[in-house]
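Colleague: Predicted model, plus sequence, below.
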Amino acid sequence: MGEDHADRIERATAGDGRAFDEMLAPVLDPAFRLAMTMLKDRTAAEDAVQDGALKAWRKLGRFRPGAEWRSWFLAIVANECRTARRGRWWGVMRFAELGRLGVAVASDRGWAERLDLDAALDQLPQQHLLALTLYYHLDLPIEEVARVLGCSAGAARQRVHRALAALRPAMAMEVDG
Amino acid sequence: MTPDERELRRALAARSGDVSPEFRAHLTGALQGGRPSATAMPAIAVAVVIVLSVASIGILLMARGAGRVLQGGPASGARLTSPTPTGKGPAIYLPSTAQLSAPSGNVVWAFIADSLLFRSTDGGNNWDQRSLPVSQPAVWPEISFVDAQQGWYSESGSPETQCNADGAAIWHTTDGGAAWQQVALVTSPPTGSSGISDSQCKEGLSFIDPNHGFLDAWDDNHRPIIYRTSDGGRTWKGSTLPDPPGFVTQDGGFSLRAGLVRAFGTTLLVSASGMNGGTQQPEMYVFKSTDGGATWYSVAKAPNAANNIALGTASRWLQLIEPDQSSETTDSGKTWHSYLTDYAQAAPIAPDIVFGDQLIGYATVRGSIQRTTDGGLHWALIETPGVFWPG
């Protein structure tokens, strides 16, 4: 961790909003992409990132010096997405929208295939979707995926494998370590 | 990169999106508004926070001694005077969230944006803000009231991965939220005597009378448990929901989550939904208990797993989403038929619906509230307290 970063954390922990804003800037994009992929709804994703940012600021005192800021923040946002999806109505929107889309694009083979995969992603358990998003969409190394998931690198690799298997058994992909 | 990997990356990217300049500016503004701190609260709220913090530190030290982080809230059982609501809450913009608890047709409670508690005694025409037991609600707060005075508030802790473990804290009020007393605390590892395990995430707080209430527990890998209390929330016992016929609970997210328990005489009903490990499809069921929640059995499968079930009576249930998609059963789920209602909403999602009695019910989607006074045929928008519409 650089001296600037450590100083920024110290100032942000003391309540300096500008310092926290500077910390947030480089991780905002991946956090939002994570939330969008998990929630598929811009308003919900913005809520999750904003709530995650406020919680991160509030909990900054618990951030261990030397720990990876990006993975720490992504883990908080992932938890916010999980909380959002815990709402009983959440799955409803996904299935309802899917039904509508299915009618609209059924004639387009390419779209239909993508829709098929998207539908499969919708139906994945959250932990599987999170693992795939971190690894294949945010392109995080498996060690960082593990930090966000809160498990070992081996367990993270296994989770990505299980997610792929659940998604489509025929998918031929290797998980690099 | 294999074609499949390319396809997966493309599918994930299609779900994703970039931060808009508006949101970036909004977030910066929100952060520059200042980190939430005790200094911004009224003095009485500060006093409450201090009491709660001292209690929390005690439990935290115990938890640290045990080598794991505490899940849950303060342990004090003392009666606390809540922070007085200002009457003009912070600006919450719709769309947001509203949890409703309707102990009768006219008495309805609304918990807005997990932050502000309101009560109406005239069917939602007028609202008055009430206090919460905490100044800043934590994770997944819920309310359940049995009349205009008596109710419970619960929070969960920070859930472990896949909801393997989670804490919970439950408070009780008998004077409409003026004062709250903590009646149960679940820590990880367990230190109290509430009877609620620290395993699984907690949600679905529902009381049916001043003594009897329920709390659901679920995770991604096991069957859900419904805890029940008969002493107002002090002690609890759990019962596992069995797999309905054709449903297979499996590791990795293929499990059921229960909803709110409703009582109709001695009959208890609760809906539960989740991904079926056998079919890999979402399913929704209704479970019944006639022994106070000690045992549950599945009695019906919903025609549409994506819609919530509103339990109006012991035998009449509704699934509402859009006028042409709504359905009704009047024989406890044995048969379902199309239900003509004028219920409509902007958001393409099913509402949460609670009935205060056979005729009066409330539906909420993203913070907006509609009311029916004829059992669900006709609906009218009513005021959501404490919020502002953007623009």
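Modeller: That came in fine, so what should we check first?
Colleague: Going by C-alpha atoms from here, please, whenever you check contacts or count neighbours.
Modeller: Will do.
Colleague: Break down chain A into its helices, ranges please.
Modeller: A:3-13, A:17-39, A:42-58, A:69-86, A:90-105, A:109-123, A:126-132, A:142-149, A:153-167 (DSSP state H).
Colleague: Ok, which of these comes nearest residue B:256?
Modeller: helix A:69-86 (12.1 Å; CA to CA).
Colleague: Which strands or helices does the closest one pack on?
Modeller: helix A:17-39, helix A:42-58, helix A:142-149 (3 or more CA pairs under 8 Å, 6 or more residues apart in numbering or on different chains; DSSP states H and E).
Colleague: can the second one be found next to chain B?
Modeller: To tie it back to what came earlier, the one meant is helix A:42-58. Yes: residues of helix A:42-58 are located near chain B by CA under 8 Å from any CA of the partner chain, namely A:42, A:46, A:50, A:54, A:57, A:58.
Colleague: Now that we have those residues, which of them are buried?
Modeller: A:42, A:46, A:50, A:54, A:57, A:58 (16 or more other CA atoms under 10 Å in any protein chain shown).
Colleague: Of those residues, which one scores lowest on pLDDT?
Modeller: Taken together, these show their lowest pLDDT at residue A:58, with 77.
Colleague: which one of the helices and strands packed on helix A:69-86 has the lowest average pLDDT?
Modeller: helix A:42-58 (a mean of 86).
Colleague: elements contacting that one?
Modeller: helix A:17-39, helix A:69-86, helix B:21-32.
Colleague: which outside residues touch stretch A:137-154?
Modeller: A:30, A:33-34, A:71-72, A:74-75, A:131, A:134-135, A:155-157, A:176-177, B:9, B:12-13, B:161 (CA atoms under 8 Å, 6 or more residues apart in numbering or on different chains).
Colleague: Quick check on these: which are buried?
Modeller: A:30, A:33-34, A:71-72, A:74-75, A:131, A:134-135, A:156-157, B:9, B:12-13, B:161.
Colleague: Number of residues surrounding residue B:284?
Modeller: By the measure other CA atoms under 10 Å in any protein chain shown, the count of residues near residue B:284 is 26.
Colleague: sorry, back to before: and which of the buried ones among the contacts of stretch A:137-154 is nearest residue A:166?
Modeller: residue A:131 (12.3 Å).
Colleague: ok, that closest one touching residue A:156?
Modeller: Yes: Residue A:131 lies in contact with residue A:156 (CA atoms under 8 Å); the separation is 7.3 Å.
Colleague: Can you pick out the most distant pair from the buried ones among the residues of helix A:42-58 next to chain B?
Modeller: Maximum distance among those (CA to CA): 24.0 Å, for A:42 and A:58.
Colleague: Okay, now the unreliable bits of the stretch 51-200 of chain B?
Modeller: B:51-96, B:139, B:158-162 (pLDDT under 70).
Colleague: quick one, strands of it?
Modeller: B:79-81, B:92-93, B:98-101, B:108-112, B:116-120, B:128-130, B:139-145, B:151-156, B:168-173, B:179-186 (DSSP state E, counting those that start in this stretch).
Colleague: and these as TSV, adding mean neighbour count and distance to chain A?
Modeller: Formatted as TSV, the strands of the stretch 51-200 of chain B follow (neighbours: other CA atoms under 10 Å in any protein chain shown; distance: least, CA to the nearest CA, whole Å):
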stretch	mean neighbour count	distance to chain A
strand B:79-81	17	24
strand B:92-93	17	12
strand B:98-101	26	10
strand B:108-112	27	14
strand B:116-120	23	16
strand B:128-130	19	24
strand B:139-145	23	7
strand B:151-156	26	11
strand B:168-173	25	15
strand B:179-186	24	19
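Colleague: what's near enough to touch residue A:21?
Modeller: B:28, B:31.
Colleague: try it again with 7 Å
Modeller: residue B:28 (CA atoms under 7 Å, 6 or more residues apart in numbering or on different chains).
Colleague: same question, the one 10 residues further on
Modeller: The contact partners of residue A:31, by CA under 7 Å, 6+ apart, come to A:49, A:74, A:77.
Colleague: With residue B:294 as the reference, measure out to it.
Modeller: 44 Å (CA to CA, to the nearest Å).
Colleague: With distance to residue B:223 as added columns, please give the helices of chain A in a markdown table.
Modeller: Listed next are the helices of chain A as a markdown table, based on distance: least, CA to CA, whole Å:
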| stretch | distance to residue B:223 |
| --- | --- |
| helix A:3-13 | 41 |
| helix A:17-39 | 24 |
| helix A:42-58 | 28 |
| helix A:69-86 | 16 |
| helix A:90-105 | 19 |
| helix A:109-123 | 19 |
| helix A:126-132 | 17 |
| helix A:142-149 | 23 |
| helix A:153-167 | 20 |
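Colleague: among these, which is nearest residue B:340?
Modeller: Of all those, helix A:90-105 comes closest under CA to CA, at 18.9 Å.
Colleague: follow-up on the earlier one: least confident of the buried ones among the contacts of stretch A:137-154?
Modeller: residue B:161 (62).
Colleague: The helix or strand residue B:206 falls within near chain A at all?
Modeller: In this structure, residue B:206 sits in strand B:201-207 according to DSSP states H and E. No: using CA under 7 Å from any CA of the partner chain, strand B:201-207 stays clear of chain A, with a minimum separation of 9.3 Å.
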